[in-house]
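Asks: here's a sequence, model it:
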Amino acid sequence: MGRKLELFREVSVNVILTFEHDVPEDIRNIMVEYCGGNQQMYDLDVLVMSQKFRELKKVQNEWSICEKYSPEKHVIGQVLNDLSPEELKPYLYKISLCYTLPENKSKKDCVWWEDEFSFIGRTNSKYYFQPDQRDMFEDDIVQTFGISEKVRPYSEDRHPNIPEEDFSKVIQRHRDETELYFNN
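Replies: You can find the predicted model right below:
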């Protein structure tokens, strides 16, 4: 009897959502009520399509980028669908994620982990939605899920010890690496 192949794997992810700090008073009140400030932290169980099924031609658009299934986008979509209340979505400027193995499993039991979650290394699971920091992937997330339209550019509030030229080089290198990653 063969091993049963599962279409999806469930993993746990620790989520930290960071919101714009300069917001209208009504939004500030919502942030304080729901988040205690401008960050929301929680754990979420998410589904990721198993490696063997990722080449399927019929993958939901919300899960794909460059016409291919993206487990990274699939996870972020589940995080954004879980984000509440809706009024905070326009002010989301960063998502930080930390993945954990399924309960009672060791890395040895999960030989699939490194192959199926290799995308974690691309950004260390940190996604910035400030317009001047986005790469093609983050632009796609913003467009697909309708988030972050009220987030100010980083250049309006950047760290004073980082020269603009250095910042621009780092961002451009990140954008180039992202484009190469998704177009391979």
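Asks: from now on I want contacts and neighbour counts done on CA atoms only, so please keep to that.
Replies: Noted.
Asks: nearest the geometric middle of the protein, what residue?
Replies: residue 76 (4.3 Å; C-alpha atoms, centre = their mean).
Asks: got phi/psi on that residue?
Replies: phi -60, psi -40 (degrees, to the nearest 10).
Asks: next helix or strand past the helix-or-strand element of the chain with minimal mean pLDDT?
Replies: Using mean pLDDT, DSSP states H and E, the weakest-scoring helix or strand in the chain turns out to be helix 113-116, at a mean of 66. Next along the chain after helix 113-116, taking DSSP states H and E as the criterion, comes helix 120-123.
Asks: list the buried ones in that following helix?
Replies: Neighbour counts over helix 120-123 (16 or more other C-alpha atoms under 10 Å) mark residue 120 as buried.
Asks: roughly how far is that helix from the heart of the chain?
Replies: 10 Å (C-alpha atoms, centre = their mean, to the nearest Å).
Asks: show me what that helix is packed up against.
Replies: Of the remaining helices and strands, none touches helix 120-123 by 3 or more C-alpha pairs under 8 Å, 6 or more residues apart in numbering; DSSP states H and E.
Asks: any idea of the mean pLDDT in that helix?
Replies: On average, the pLDDT along helix 120-123 is 80.
Asks: so what does the residue lying closest to residue 131 once chain neighbours are set aside have for phi and psi?
Replies: Excluding the flanking residues, the one nearest residue 131 by C-alpha to C-alpha, 6 or more residues apart in numbering is residue 153, at 5.3 Å. Residue 153 adopts backbone torsions of phi -60, psi 150, taken as degrees, to the nearest 10.
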